[in-house]
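K.L.:
Below: sequence and its predicted model.
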Amino acid sequence: MESTGDELSINGKLKSSRVREFVAPIPLLSWLLGALVAVALEHYIGTSFAQTLGLRKAPMLFGFDIMLKQPTLIHSALTYLVLIYFLPIIVVARLSAAGMNGLAAILIDYPLMLTVLIHLGMLYAILHWWSNMSLYRADVLRFTLIAVLLTLSLNLINGYMGEFSCSHPGFMALGAYASSVFTLGLFADDRVFGPALLPQWLGPYLFPVALVLGGVVAAVGALAVAIPSFRTRGDYLAIISLAFMFIVKSLIENLEFVGGPRGLGDQPGWANRPVVFVTVVLGIWIINNFVRSTLGKALNAVRDNEMAADAMTVDTRQTKITAFLFGAFWAGVAGGLYAHALRYINPGSFGIQMLAEGLAMVYFGGLNSVYGSIVGACSISLLGEMLRPLELFKWIIIPLLLILVMIFRPTGLIAFREFDVKKLVRPKQASDR
Amino acid sequence: MTLLQIEKMTHYFGGLRAVYNYGLSIEPGQIRGLIGPNGSGKTTIFNLITGIYQPTEGQILLEGKQLNGRSPHDIASMGIGRTFQNMLLWRHMTVLEHVKMARYSKLTYGLVGAFFGTSRRHREEAESEQVAFKLLKMMRVDQYADQIVLNLPYGAQRRVEMARALAMEPRILFLDEPTAGMNPDELVQMMDIIRKVHGELGLAIFLIEHRMRVVMELCERIQTLVFGEVIAEGIPEEIQNNPKVIDAYLGKETVE
Amino acid sequence: MVFFQNLINALQWGSFYALIALGYSMVYSILMLFNFAHGDIFMVGAYIGFGVATALVALTAMGNFALPGWLVLALTILISMFLTSFVGMFVERVGYRPLRDAPRASAAITGLMIGIILETGNLILLGAQRISFPSLIETSTYQLGGVVVTNKKIMIVLVSIALSFALHQFIRRTRWGMAMRAMAFDYAVVPLMGVPLNRIAALTFAIGSGLAAVAGILFGVAYPVLDPYMGILVGWKAFVAAILGGRGSVVGATLAGFLLGFIEMFVPMVFPSTFRDLIAYSIILLILVFRPHGFFGEPYSARLRL
C-alpha cells in the first residue's frame, strides 16, 4: 500500500514538475496574448459555439451559473471553457513564448514605464473585450476592480500597519457621499441640490476632482481614528474604529440634505470601465510604490516593534497618521467610484456587511501584500457572483472557505509578498521557477 | 567638546526612585561601561537618555544640545544609536530592510517620492542600500541580506541589530548587554566587532554589560550602579579592586 | 414621570446588553479573542429558547396537565442554556481552537464568518419569516405613581443582575474561576501549571453562550418577534460595551451594558430618536479616547499579534 502511495506522489510530483517545465518559459506578455486571443475567439464565435453545444448563450462567468443551475449541461459548459479559454490561452502563450521573450528582452532597455503601459494596454483590451459580451460582465468587472482598490486600502492599515481597523466602510461612505454631492451639486438637475451649476460636458473632466475630493474628505475623517492611535493601539483602537464606522453611518442617516436613510441616487454614470480601470491601476501603482519605499516599510517597523522603530529614527506619529490618512484616502476614492458606478448609495450599505466583505477579501488574499489584495478581492467578488445560483448557500460556502484559509494559512493565501513589477514583466527562462 | 553630558539625572516611577543623581560625561571616541546587579537601573538610564522615559530631574546634553523633552526618534537622529537587551527586531522584515530602515531620518524624498517613485527616491534608496551592505559586510551578515531576520542564528541577529544601529550614523552607540545569551565563541566575535566598530568608525560607545570580562577588556572607564546610584567610578583596575563594588556586585555573582 | 419610565426601559435594555456583553467579555479576557460570532449565538439562543418553549407548551398540552407559566419559563431558560452552551463549545472547537497560535486577527475573521454561517443556516432552516415567541407568562402591569412597570421588566432586570452576580462569584471563588483568572493573567504560563487550557476555553464559551441564551429568551419575552439578524444590532453594541467595561472585569461589562441602555433611552429625550446611535457611539468613542482601557480594565493594551 505504502509503495503505491509513494509512486502516486512521485507521479504527482513528476506531473506538476512537467507542468512547471511547460509553463516556466512563458512571459507575462504571452499569457496576455493568449488571453487576448481567447476573448477575441469568444467575441466572434462564442455565442454561436455555445448554441451548438446546446447552451442558450455563452457562459457569462466561466460557466458556473450554468453548471450550478442545470447540472445536465455541465459537460457543455466545460467543453466551452476548455475550447474557448483554456486551450487557446495555453497554446498561444506557449507558441508565442519565444517571440515574446525576445520582445520582453528588448523592452528591458527602454524605461520600465513603457513596458508597463504595454502590459496594461493589453490587459485592458482583454477585460474590455471580455466584458463587452454583456452588461452583467461589465458590472462584475467594475465592481471587482473597485473591490481591489478597497481591499488594498484596507490592507494598508490591517496588514501593513497591523491595526485591526473596522472603520473602512465609514471612510468609503465619506468618499462616496462627498464625491456624489460634488457631481450632483455641480452637474445634475437634482431635486436636492437644484439645477446644474456647470455645463454637462465639463463633468467627466472634473470627475477626477470629485474622486480626489472624496478621498480627501475620507482622509480628514480618518483623523478621528489616527489621532487616538498615538496613544492607543490594538484592541481599543479597533473599537474606536468600529465606533467611528457606526458614527459615520448614523451621521449620514441624519443628514437630510443627502437624503438621510433613503440615500442618494442618480449620480452621473461617469465611473465607466476605462475610468475605473485607470483609477484602480493608478491606486495600485501609488500604493505599491509607497509600501516598497523605506517610508512605507516604516509601517511594518511600527507594527512589529514600535519602540525599536522610534529608536531607529522612525517618526512613528507621522508614520501612523500617514498610514491612516493614505488608507482612508483610497477607500474614499473607491467610495466615489462605487457611488458613480452603482449610481445609488444609502447609509445602510456602508455597515457591518461591507466591513465583513472587506475583511474577508484582505484576509483571504493575504496580509501585507499587494498581490494578496488583488487575488483576495478578485476571488471573493467573483466567487460571490459565480455562486449566485446557490442563493443562500453561497453565504455558507464562502465563509467556510475563509475559515479553512484562516486555519491553514492564518495570514492569508499570499501574505508578505512584494509586488515587483520588474520581476513580473521580465523575460522568462526555462530554469526559472 | 564633550560628546554626551548628563548632570544630576533623577527619575521616579510613581513613588519608586529608579535613578538618583546620575552624572556622566563621555568624550568622542571613548568606550564607557555601566555595570550593576539586575534591577539596578542600567537599562532605565539608557531609556532616559534615548527619550523613552523623561527624567524627573536633571539635564542631558548631546554636543551641547539639550535632549530633555525630545521624542525618541528625534534623539536618535541627533546621533544616539542603540541596541536592546532583548533585541527588538522586526519579525516580518528582512535583514536588509532592517538596516535600511535606520536610514529613515536621512531620507529627504518625502511622501511625494514615496508615492510616485521619483528619481530622487531611487537615488536615495540606492545610496542607503549601499550603506546598508557596507555595514552588513562589516558585521559579516551580508549573506543573509534577503532573509527574514528571525530565521538567523542568534549571534547573527545580534550583529544585524548592531548594523541597524550603525546605519543611522550615530555619534555614540549605546549597547545594552550585547553579549547576553551568547556562547564563548559568539562572545569573542562580538568583542572583536565592538573593537572594530570603535576602531574603524571612531565611535564613542556606552556599554551595559553583565560579563565582567567584556567590560574590563573593552572599557576605558566604568561606572557601577546599585539601586539607581553610582557607587563607584574609575578605570577597570580600580573598579575590580573597589571593596564597595565587590561587596555589592562581584561578591554575589560569579565573575566570568 | 417620563424620566422614570425611561429609567425602567433603560434597565431592561441594559439587561440584554449586559448579559451578552458578559459572554464577549469572558472570551476576550480569558482567551484574548474577539468572538464576533457571539451576537449570533445570542440569536441562536433565542431560537433554541423558542423551540424549547414551544415543545414544553405542546408537551403540557398533550399530557393534559397545566404547569404554571413561570415554571415553563424557568425550564425553558435552563434547558436552552444547556443546549446553547454546546453551540458555543462547538464554535470554539471548530473556529477558534485550530487558530490558537495564529494571529488574533485571523481568529476574529473566523468568528465573523461563523456568525454569517449561523445567520444563513438559520435562514435556510427556518425561512425568512419572523417567528413570534410564545407568551409564557401573563403580563401584569403595575402603576407606580404614573410609571408603568410590568412584571416582565422586573423579572428581566432581576434575572440579569442575579446572573452577573453569580458569574462574578463563580470567577472569584471557584477553582475553575481561579484557573480562568490565571489564564487571563498569563496565557502562556497556564499549560505549565497543569491547568487544561482546552477545557477552560470550552467552559468559557459554554458559560458565555449560556448567558447569551438567557438574553435571547428574555428578549423574546419582552419583544416576542425573532428574526435571524437580531444578533447583529444588539450583538455589536454589547460587544462595544464589553470592551468598554475593561478587560477581565465582570462588573465592568455589566455596568457598561447598563450604561449603554441608559444612553440609548435617554438620548431620545433630548434629541430626535434617529440620533440615538450617533450619540451613543460618539460617547463611546470619547470614553475610549480618554480612558483607553475601559472603566475597570488594567492599563494593558494587547497588540493584535501578526
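P.N.:
Noted; the coordinates are in hand. As the structure is a computational prediction, the values presented were derived from the model and not from experiment. Residues are numbered from 1 along each chain as shown, chains lettered A, B, ... in the order given.

K.L.:
Run through who's touching stretch A:177-188.
P.N.:
With C-beta atoms under 8 Å, 6 or more residues apart in numbering or on different chains as the test, stretch A:177-188 has contacts from A:190, A:192-193, A:196-198, A:200, A:202-203, A:206-207, A:209-211, A:213-214, A:216-218, A:252, A:258, A:264, A:266-268, A:270, A:332, A:335-336, A:339-340, A:345. C-beta: built from backbone N, CA, C; applies to glycine.

K.L.:
go with 6 Å
P.N.:
Residues outside stretch A:177-188 that contact it (C-beta atoms under 6 Å, 6 or more residues apart in numbering or on different chains) are A:190, A:193, A:196-198, A:203, A:210-211, A:213-214, A:217, A:258, A:264, A:267-268, A:336, A:339.

K.L.:
Could you tell me which of those residues belong to helices?
P.N.:
If you go by DSSP state H, the contacts of stretch A:177-188 have A:203, A:210, A:211, A:213, A:214, A:217, A:336, A:339 in helices.

K.L.:
And chain A, what are its domain boundaries?
P.N.:
Split into domains by automatic domain parsing, chain A comes to A:2-132, A:135-423.

K.L.:
which of those is buried the deepest?
P.N.:
Among the domains of chain A, domain A:135-423 has the highest mean neighbour count (mean count of other C-beta atoms under 10 Å in any protein chain shown), at a mean of 22.

K.L.:
Can you check the distance spanned by that domain, start to finish?
P.N.:
35 Å (C-alpha to C-alpha, to the nearest Å).

K.L.:
avg pLDDT for it?
P.N.:
Computed over domain A:135-423, the mean pLDDT rounds to 92.

K.L.:
so who does the closest residue to residue A:148 other than its chain neighbours touch?
P.N.:
Spatial nearest neighbour of residue A:148, excluding adjacent residues (C-beta to C-beta, 6 or more residues apart in numbering or on different chains): residue A:377 at 4.2 Å. Residue A:377 is in contact with A:147, A:148, A:151, A:361, counting by C-beta under 6 Å, 6+ apart.

K.L.:
host element of the second one?
P.N.:
Secondary structure assignment for residue A:148, by DSSP states H and E: helix A:135-155.

K.L.:
And the last one, by the same measure?
P.N.:
For residue A:361, the host element (DSSP H and E) is helix A:352-365.

K.L.:
and the helix or strand following that helix with helix A:352-365, angle?
P.N.:
Heading C-terminal from helix A:352-365, the first helix or strand you meet, by DSSP H and E, is helix A:370-386. Orientation check (axes from the mean of the first three to the mean of the last three C-alpha atoms, to 10 degrees): helix A:370-386 against helix A:352-365 gives 120 degrees.

K.L.:
Output the contacting helices and strands for the next helix or strand after helix A:370-386.
P.N.:
Once the chain leaves helix A:370-386, the next helix or strand it forms, by DSSP H and E, is helix A:394-408. Here helix A:394-408 touches helix A:352-365, helix C:104-126, going by 3 or more C-beta pairs under 6 Å, 6 or more residues apart in numbering or on different chains; DSSP states H and E.

K.L.:
Tell me which of those helices lies nearest to chain B.
P.N.:
Closest to chain B of those is helix C:104-126 (C-beta to the nearest C-beta; 13.9 Å).

K.L.:
check whether that closest one contacts chain A.
P.N.:
Yes. Using C-beta under 6 Å from any C-beta of the partner chain, a contact is recorded between helix C:104-126 and chain A, made by C:105, C:106, C:109, C:110, C:112, C:113, C:116, C:117, C:120, C:123, C:124.

K.L.:
which of these are buried?
P.N.:
C:105, C:106, C:109, C:110, C:112, C:113, C:116, C:117, C:120, C:123 (16 or more other C-beta atoms under 10 Å in any protein chain shown).

K.L.:
Quick check: of these, which lies closest to residue A:240?
P.N.:
Nearest to residue A:240 among these is residue C:105, at 15.9 Å by C-beta to C-beta.

K.L.:
The closest one contacts residue A:164, doesn't it?
P.N.:
Yes. The pair residue C:105 and residue A:164 passes the contact test of C-beta atoms under 6 Å, sitting 5.2 Å apart.

K.L.:
Fine by me, thanks again.
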